[in-house]
Structure formats: structure tokens, C-alpha cells
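Participant: Structure for the following, please:
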Amino acid sequence: MTANRPRRSALYMPASNARAIEKAKSLPCDVVILDLEDAVAPDAKVEARQLAVEAVRAGGFGGREVVIRVNGRDTPWGAADLGAAAAAGADAVLAPKVSTPEDLAHYAAPLGGKTRLWAMIETCAAVFQLDALARAAEAAKNDVWIVGANDLVKEMRCRARPDRAPLAPALSLAVMAAHSRGLAILDGVYNDIPNLDGLQAECEQGLDFGMDGKSLIHPTHLEIANRAFTPAAEAVAWARTVVDAFAAPENAGKGVLKVEGKMVERLHLAEAERLIAVSEAIAALQG
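Facilitator: Residues are numbered from 1 along each chain as shown. Below you'll find the predicted structure:
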């Protein structure tokens, strides 16, 4: 699993737009998602597939992860998309509307080499299969989930409220299931492109839920998402204090310590080590 790799911002780019793909190589996103699904009209699907494959093989994305989102297995383009994406050598293939472990197995079957599987959690059926999907993830080379909030809202027929109250149970359960098996999980996109205050609030909410980053649909959202999901300096400093305390010879074998007046357990040590690893990985990307 690669849960500690920075995925603060995962930017969807329409694979049918060669200029957009080229622009992505210079944008400050952690992940570029070359989208063959929602962002591409039916009559442009075949060309978009070829452009995505060519872009992955040409490279030039630096330290960014490059992911191809394919069309679903029940569409006219799904099988060809999956075969082409698997052969392209992308970092991952993103599968839409994954609802069952059988879906994971289907999308994972042709993947080889370094290519991993990412999964969209965006159906009501998936919410009731979260534990089963998480348990099936390792065998399917599935590292990351992305919440498809727009599709969930559509299927639930709930109101798309700014506070996302109707989605809160699904979001919380998805985070719990993902993290129980060491998967990273990214929040859904924010639709109101010019409303940067709203985006900031939703990023903070996603962080409160335990999301590892956010999927995005516009480059103007990158700075806010990156800032929100970068561990705060004071949090990293405290994490180092906790690690140093447990590493002290006089604390060898202890399960609970008092650090600067606070009770700290070994469960806090594990989270401190993760936070430091994420912070260092972000610094390496920026350096």
C-alpha cells in the first residue's frame, strides 16, 4: 500500500484535450487524472483513449502520479479503455462505480507492472459493501478510493447542501473502511468553481472526516486543497516530539507516556510517524 504518499490534490483533466494534458505537467497537483469518462463526450471517447495512452508513454509529469479514469465495464468503451490503460503503464487505473468485490477483480485482472487500481466509491450499493471492498483491496492491487459525491447525490436523490449533511454517514463510513485496510481516500470534487471560500470550507470538512486529499475539476482549486491537506508545521513538530519521547531509552517498552503534560499512547506514536512521513514526502515533491 502507498497510503503515505501525498495525494492532497487529484486534478481531473479531459483526456480529449491535448492542451489540457500538456498544461497538467506544470500544475502543482499531486495527481493528474486523465479522464475518459465524465469529461469526454461519446463521439470523442476513442480519440481521448489514444491521447491518454500517448501522454502516459511520453511522460514529463515529474513526480505527479498519473492515473487514467476509464469508462465503466457496462459501457461500449469500457473493455477497450481498460485494456489500453493497463498497457499504457500509468501509475493507476481509476475504475468508476465500483460496487462489489467482483467489480474490483474485473478491473484488476489486466493490470501488471507498476500499475495499481483506484476505485470510485459513488453508488449506494458500494456504501453497503464498503467493508467487503476494503477487504478485497489488497488482492486487487487497490490503493486508493475516490468518493464520487455527485453520483451519490444523484442516486440518493438527496439535496446537494453546502454542509453535505445527507452524505455525512457515507463519507464517514467510507473513510473508516478505507483506513481500516490502509487505503488512501480522496474526497469528491467541489462544483462551484469560483466560490473559493466554499471550497476552503469543504476541504476543511474533508480533513475533519479523515480524507487524505481532494479530487478537483479546476486548476484554481489546487492551492487551497494543497494547503488544507498539508500537515500543519505545529502538528509535525508535535509528532516529532512524540516520536522522540518513545525513542528515549528510559521509555523503552512503555505503552503510555506523559509528554509535555499530555497522555500519549503508542496508538498516537503510529499516527505521529505517519504524519511525519507524509510531511517529508510533500517536502521531497516540492524540493
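Participant: where in the stretch 1-150 of the chain is pLDDT low?
Facilitator: 1-3 (pLDDT under 70).
Participant: For residue 243, which residues are in contact?
Facilitator: Applying C-beta atoms under 8 Å, 6 or more residues apart in numbering to residue 243 gives the contacts 269, 272-273, 276. Yep, even glycine has a C-beta here, placed from its N, CA and C like the rest.
Participant: Identify, from the residues you listed, the entry nearest to residue 129.
Facilitator: For these, the minimum distance to residue 129 (C-beta to C-beta) is 30.9 Å, reached by residue 273.
Participant: Report the contact partners of that closest one.
Facilitator: Residue 273 touches 239, 243, counting by C-beta under 8 Å, 6+ apart.
Participant: Serialize the contacts of residue 243 to TSV and add fields for distance to residue 229, pLDDT and secondary structure.
Facilitator: Formatted as TSV, the contacts of residue 243 follow (distance: C-beta to C-beta, whole Å; pLDDT from 0 to 100; DSSP: H, G, I helix; E, B strand; the rest coil):
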residue	distance to residue 229	pLDDT	secondary structure
269	22	94	helix
272	17	96	helix
273	18	95	helix
276	15	96	helix
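Participant: quick one: which of those residues has the most company?
Facilitator: Per-residue neighbour counts (other C-beta atoms under 10 Å) across the contacts of residue 243 peak at residue 272, which has 22 neighbours.
Participant: Look up the closest residue to that one, ignoring the ones flanking it.
Facilitator: residue 239 (3.7 Å; C-beta to C-beta, 6 or more residues apart in numbering).
Participant: Next secondary structure element downstream of whichever strand or helix holds the one you found?
Facilitator: According to DSSP states H and E, residue 239 maps onto helix 233-247. Tracing the chain past helix 233-247, the next element assigned as helix or strand by DSSP H and E is strand 256-259.
Participant: how far out from the middle of the chain is stretch 112-129?
Facilitator: 11 Å (C-alpha atoms, centre = their mean, to the nearest Å).
Participant: got the CA coordinates for that stretch in CSV?
Facilitator: These are the backbone C-alpha positions of stretch 112-129, laid out as CSV (Å, rounded to 0.1, in the frame of the first residue of the first chain):
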residue,chain,number,x,y,z
GLY,A,112,0.5,-5.5,-14.4
GLY,A,113,3.8,-4.0,-13.6
LYS,A,114,3.6,-0.8,-11.5
THR,A,115,0.0,0.0,-12.4
ARG,A,116,-2.3,-0.1,-9.5
LEU,A,117,-6.1,0.1,-9.2
TRP,A,118,-8.0,3.1,-7.8
ALA,A,119,-11.8,2.8,-7.3
MET,A,120,-14.6,5.4,-7.3
ILE,A,121,-17.0,5.0,-4.4
GLU,A,122,-20.1,6.6,-5.9
THR,A,123,-23.1,4.2,-5.7
CYS,A,124,-25.5,3.4,-2.9
ALA,A,125,-24.6,-0.3,-3.4
ALA,A,126,-21.0,0.5,-2.7
VAL,A,127,-21.8,2.1,0.6
PHE,A,128,-23.3,-1.2,1.7
GLN,A,129,-20.3,-3.1,0.5
